[in-house]
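S.K.: below is the sequence, then the predicted model.
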Amino acid sequence: MEINMSLKISIYLPFILMTMLLVHVSCLLVDTIYNNNNNPSEWEEGSGYYLPSSSGITNRMIDEMEEDAWSMVQKNGNQFTINGQPFYVNGFNTYWLMVFAVDASTRGKVTEVFQQASAVGLSVCRTWAFNDGQWRALQKSPSLYDEDVFKALDFVVSEAKKYKIRLILSFVNNWEAYGGKSQYVKWGKAAGLNLTSDDDFFSHPTIKSYYKSHVNTVLNRMNTVTNITYKDDPTIFAWELMNEPRCESDPSGDKLQNWIEEMAVFVKSIDPKHLVEIGLEGFYGPSTPNKLQNNPNTYAQQVGTDFIRNHQVLGVDFASVHIYPDSWISQPTAEAQVAFTKSWIQSHIDDAENFLGMPVVFSEFGVSTKDPNYTITFRNTLISTVYNTVLNSTKRGGGGGGTLLWQLFPEGTDYMDDGYAVVLSKSPSTSNIISIQSNRLNTFNSLCSWNCRWGCKKKHLLHNSLYHDEL
């Protein structure tokens, strides 16, 4: 059937105009971001994008276009991705969110943390999905849960989504705080098991079954606020097997290695969608004797962990490293601690890229106010050192996947402070450093996303060395 030319034009013209408009908008966006002098004071904030106010493109427009972007974080080689685009992380720890959410009188502090974190561009929070046999316990005994506490965790997850913050949820503690592996062993002894060490947590079949039951319960939990099962919720960035696992009774590392191999596959068998990480501190072990010199002290090689070997496990998607030079190394000088921090980070980025083929997240770092040599200047210096060293990897699209500050607190929670708490409203200089790092990473992530989404011909801007230097 023939259609005359005027009718053809009337049919196709709207589509042609819409395509031209989208190309124009995407190129305008890249131009304005690239040509701007990167002065944060001239940029608008919102949903992780930073746009010059004169660009004519509002954050509301981006919010609408990016509603479909709240999908699972994935891994592609040594990068995190969302919808196929790079996702570099500036995040934080606040471990006590679930416990505070139980009580109406403290629940507002959860919202405050997310509000304040979002205001400085933080995108990921690491927190506990456990409290075993303690005050306000989630798990009162094996497989017996307090529904009110579980509803509090539901609230934490739903509230994080409101502020576009993703969560890394840890399943258990190596330490006694919030129960930990020692509580599991106590339960086992109460059941008549012959257990001699807290490290039996890693090897006794019954104790391992307790842990697996908890993992299964959390993964299959239907959130009472969002009606989304945890294992299907993109708000969850990743699962962490354990906070700072150590098995000092077996310095060879075999016992912990076997546990990691078993539990990583177990988590993936229930939830293949989410990323999994171990929760390690990053100490090198017997499998890499040439790297033992990089450890902060000789004791670190005797705690049963083995950074490279542990992460070469099926089901583990990215590496974790902690950084505490003020308590790890013997030299008290600021210069020595900064030098260690730089080398510790770079060593693990190199390993992630050259041996593991996965991103590495520096998932705890900070400076304690309880240290005799503490000053706010040094804390800011150490935070900046961590940020800048990892940023050097980001500039080249490397394996430095991100950082999580230990830890962010709102005002009025001083009694929970272990010395490392950062209260943004009381620390404007630290807050500014955090915000600038967020701006840099969000700009990089946003440019990649817009560039690839619309196919703008200015793709070479992302690879321009001048642009990367300006980051």
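M.R.: Good, I have the coordinates.

S.K.: residue 272 in helix, strand or coil?
M.R.: Here residue 272 takes the coil state, with states given by DSSP: H, G, I helix; E, B strand; the rest coil.

S.K.: and the closest residue to residue 128 other than its chain neighbours, how many neighbours?
M.R.: When the adjacent residues along the chain are set aside, residue 128 lies closest to residue 95, with 5.0 Å between them (Cβ to Cβ, 6 or more residues apart in numbering). Placement of C-beta: from N, CA and C, glycine included. Residue 95 has 20 neighbours, counted by other Cβ atoms under 10 Å.

S.K.: quick one: residue 95 and residue 286, what's the gap?
M.R.: Taking Cβ to Cβ, to the nearest Å as the measure, residue 95 and residue 286 are separated by 31 Å.

S.K.: how about residue 442?
M.R.: 40 Å.

S.K.: local confidence estimate at the residue lying closest to residue 96 once chain neighbours are set aside?
M.R.: Here the nearest residue to residue 96 in space, its sequence neighbours aside, is residue 416; by Cβ to Cβ, 6+ apart that works out to 5.8 Å. Among the per-residue scores, residue 416 holds a pLDDT of 95.

S.K.: tell me how far the ends of stretch 116-125 are from each other?
M.R.: Length of stretch 116-125, first residue to last, Cα to Cα, to the nearest Å: 12 Å.

S.K.: please work out the average pLDDT along that stretch.
M.R.: So the average pLDDT for stretch 116-125 ends up being 98.

S.K.: also stretch 70-89?
M.R.: When the per-residue pLDDT values of stretch 70-89 are averaged, the result is 95.

S.K.: circling back to that earlier point, so when I look at the residue nearest to residue 128, I'm seeing a helix, right?
M.R.: No. Residue assignment for residue 95, taken from three-state DSSP, gives coil, which places it outside any helix.

S.K.: circling back: tell me which of residue 442 and residue 286 has more neighbours.
M.R.: residue 442 (19 against 15).

S.K.: any idea how far residue 77 is from that one?
M.R.: In this structure, residue 442 and residue 77 are 21 Å apart, going by Cβ to Cβ.

S.K.: same thing with residue 215?
M.R.: Taking Cβ to Cβ as the measure, residue 215 and residue 77 are separated by 27 Å.

S.K.: more neighbours: those two, which one.
M.R.: Taking residue 215 and residue 77 together and counting by other Cβ under 10 Å, residue 215 has the greater number of neighbours (20 against 11).

S.K.: tell me the SS of that one?
M.R.: Under the three-state scheme (three-state DSSP), the conformation of residue 215 reads as helix.

S.K.: you'd agree it is up against residue 270?
M.R.: Yes. With contacts counted by Cβ atoms under 8 Å, residue 215 reaches residue 270, the gap being 7.3 Å.

S.K.: grab the most central residue of this protein for me.
M.R.: Ranked by distance to the mean C-alpha position of the chain (Cα atoms, centre = their mean), the top residue is residue 124 at 4.9 Å.

S.K.: wouldn't that residue be in contact with residue 164 here?
M.R.: No. Here residue 124 lies out of contact with residue 164, judged by Cβ under 8 Å, at a distance of 10.4 Å.

S.K.: can you tell me, leaving aside adjacent residues, what's nearest to residue 287?
M.R.: Closest residue to residue 287 apart from its sequence neighbours, by Cβ to Cβ, 6+ apart: residue 309 at 4.1 Å.

S.K.: any idea how far residue 241 is from residue 313?
M.R.: Looking at residue 241 against residue 313, where the rule is Cβ to Cβ, the gap reads 10 Å.

S.K.: neighbour-wise, which of the two wins?
M.R.: Between residue 241 and residue 313, residue 241 has the larger neighbour count (other Cβ under 10 Å), namely 24 against 16.
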